[in-house]
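Peer 1: sequence and computational prediction follow.
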Amino acid sequence: MQKIEDAIEMIRAKAKKLEKRSINEAQTRDYLINPMLKALGWDTENPDDVRSEDSTFDGKAVDYVLFARDKDEPVLVVEAKPLGNRLEDPKGIGQVISYANNAGIAFCVLTNGVTWKVYSTFEDCPAPEKLMFRFSLDPQHSAGMATRELAETMERFSRDKLDTLGDWWKETRCIKKVYEVLDRMLREPDGQFCNVVRNCIAKKDRPSKQYVKNAIMEWAKMHFSERSSVSVCGAKAEKEVHPEDAVNVNRKSKIPRGGTEYDESHHVNGKPAHIVELYREVDRYCLLLGPAAVERRPLKVYIGYFVAGHSFCTLYLQRKQITIHVNLDYSSLQTPPDFVRDVTNIGHLGNGDLEIKLRDMSQLEEVKDLIKQSYNAKP
């Protein structure tokens, strides 16, 4: 484990220097990927362990094919991209999965030396959706994760532990399926389920069925992806209930100026899947910053997130990106990412003078950090 931790620290230091240069794929492999593979127990100089530029069925080549110990049996494919590549190109994702599929290899990796994306080859879904997990060695993108935690993640596809990756994925996939089932049950629970929940509460504290309905709906909104109006025990919810509404189901929802009430579907319908996925991640993060305090308001043009009546974040969903505005002073940022700008003196939709263009998952951790700063800076 220590070797992996040391490799992570070394790669972080190197990447910080190299990101100022435009290095190619071969250099990325030499400086960043090879050292990590060696730390994971793969001898990149031994063709019995690792074969580089291995020919594929269509005459092309894959960067690394890793072989099981004492067997001429490929167990993992690793495709390299230059440092700085966002790893979002469907062609590149399809390339590594296609090779793994034709070689009968269950798992494959796409990496730029800092970001690592691991795919399950035989999942029955489009290539980008085969993603098992992704992580970044960049400290800015792995906030809150200790080097030891990252090392434990990397160790999953070390030479000594790779044979356990399949079992880990089965367990993870099972959790995902259970999550989806609970999502459906809690967003649209039937009367029987509501009664089970109600009967689990001590008789002296047992609430009315209406309160149980409301509580289940609120819990589902806070913990699962769909937060639009849902059917509860056969009755359509008349409004979206926020945490502070849970104590009084009869409170009236606020109608935006102009008399028209908008919901989440107004913003997500017709948007590409990757934009909706990005929105779900940001939406969940904003709500969990203050589960009992944050209020989400879908308005005509954007979705606003409020605390104590003040907006700290707005989201404008577009086909190629999500435009986010937060209440931060651009000049206060030490190293502003290249996808933010100061719009203090520029007309814009949304509240806040710092504009963020969110286009893919690789930006997400930095975006979350900016949103959190805005939330913490609330009046």
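Peer 2: Alright, I've got the coordinates. Numbers count the residues shown, from 1 in each chain.
Peer 1: when you work out contacts or count neighbours from here on, use the C-alpha atoms and nothing else.
Peer 2: Fine.
Peer 1: and Glu152, that one's in a helix?
Peer 2: Yes - assessed by DSSP: H, G, I helix; E, B strand; the rest coil, Glu152 belongs to a helix.
Peer 1: report the contact partners of it.
Peer 2: Shown in contact with Glu152 (C-alpha atoms under 8 Å, 6 or more residues apart in numbering): Met1.
Peer 1: distance of it from Gln2?
Peer 2: Note on Glu152: its distance to Gln2, by C-alpha to C-alpha, to the nearest Å, is 10 Å.
Peer 1: tell me where the stretch 201-350 of the chain has strands.
Peer 2: Assigned by DSSP state E, counting those that start in this stretch, the strands in the stretch 201-350 of the chain fall at 231-232, 235-236, 294-298, 303-307, 310-317, 322-326, 340-342.
Peer 1: least reliable of those strands going by mean pLDDT?
Peer 2: The weakest mean pLDDT among the strands of the stretch 201-350 of the chain belongs to strand 231-232, with a mean of 26.
Peer 1: ok, longest helix in the chain?
Peer 2: helix 165-187 (DSSP state H).
Peer 1: could you list the domains of the protein?
Peer 2: Using automatic domain parsing, the domain parsing of the chain gives 2-169, 188-245, 265-376.
Peer 1: want to throw those domains into TSV with distance to Val181?
Peer 2: Output for these, formatted as TSV (distance: least, C-alpha to C-alpha, whole Å):
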stretch	distance to Val181
domain 2-169	18
domain 188-245	11
domain 265-376	18
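Peer 1: buried set for the strand or helix carrying Phe133?
Peer 2: Secondary structure assignment for Phe133, by DSSP states H and E: strand 131-136. By 16 or more other C-alpha atoms under 10 Å, the buried positions in strand 131-136 come out as Leu131, Met132, Arg134, Phe135, Ser136.
Peer 1: hey, which helix or strand in this structure has the poorest pLDDT?
Peer 2: Least confident helix or strand, the chain: strand 231-232 with a mean of 26, by mean pLDDT, DSSP states H and E.
Peer 1: now the helices for this structure?
Peer 2: Under DSSP H, the chain gives helices at 2-18, 25-28, 34-39, 90-102, 147-154, 165-187, 191-199, 209-223, 265-268, 273-289, 364-376.
Peer 1: comparing the ones you listed by mean pLDDT, which bottoms out?
Peer 2: Among those, helix 209-223 carries the lowest mean pLDDT (a mean of 70).
Peer 1: any idea how far Lys368 lies from Lys81?
Peer 2: Distance from Lys368 to Lys81, by C-alpha to C-alpha: 26 Å.
Peer 1: what about Arg51, distance to Asp70?
Peer 2: For Arg51, the distance to Asp70 - C-alpha to C-alpha - is 14 Å.
Peer 1: and what of Ala80?
Peer 2: Distance from Ala80 to Asp70, by C-alpha to C-alpha: 25 Å.
Peer 1: more neighbours: which of these two?
Peer 2: Neighbours per residue (other C-alpha atoms under 10 Å) separate Ala80 from Asp70, with Ala80 holding more: 24 against 8.
Peer 1: which residue is the nearest non-sequential neighbour of the more buried one?
Peer 2: Thr111 (5.2 Å; C-alpha to C-alpha, 6 or more residues apart in numbering).
Peer 1: show me the contacts for the one you found.
Peer 2: By C-alpha under 8 Å, 6+ apart, the residues touching Thr111 are Val78, Glu79, Ala80, Lys81, Leu87, Lys117.
Peer 1: got phi/psi on the fifth one?
Peer 2: When quoted as degrees, to the nearest 10, the phi and psi of Leu87 stand at phi 60, psi 30.
Peer 1: neighbours around it, how many?
Peer 2: When neighbours are counted by other C-alpha under 10 Å, Leu87 comes out with 22.
Peer 1: pretty sure it contacts Asn112?
Peer 2: Yes - using C-alpha atoms under 8 Å, Leu87 makes contact with Asn112 at a distance of 7.5 Å.
Peer 1: residues in contact with both of these two, list them for me.
Peer 2: Residues touching both Leu87 and Asn112 (C-alpha under 8 Å, 6+ apart) are Lys81.
Peer 1: any idea of the pLDDT on the closest residue to Val96 other than its chain neighbours?
Peer 2: In this structure, Val96 finds its nearest non-sequential neighbour in Glu79, 6.2 Å apart by C-alpha to C-alpha, 6+ apart. pLDDT recorded at Glu79 is 95.
Peer 1: identify the residues contacting Glu79.
Peer 2: Glu79 sits next to Val62, Asp63, Tyr64, Val96, Cys108, Val109, Leu110, Thr111 when contact means C-alpha under 8 Å, 6+ apart.
Peer 1: if we can go back for a sec, quick one, the strand holding Phe133 and helix 364-376 angle?
Peer 2: 70 degrees (axes from the mean of the first three to the mean of the last three C-alpha atoms, to 10 degrees).
Peer 1: name the helices or strands packed onto strand 131-136?
Peer 2: Secondary-structure packing of strand 131-136 (3 or more C-alpha pairs under 8 Å, 6 or more residues apart in numbering; DSSP states H and E): strand 115-120.
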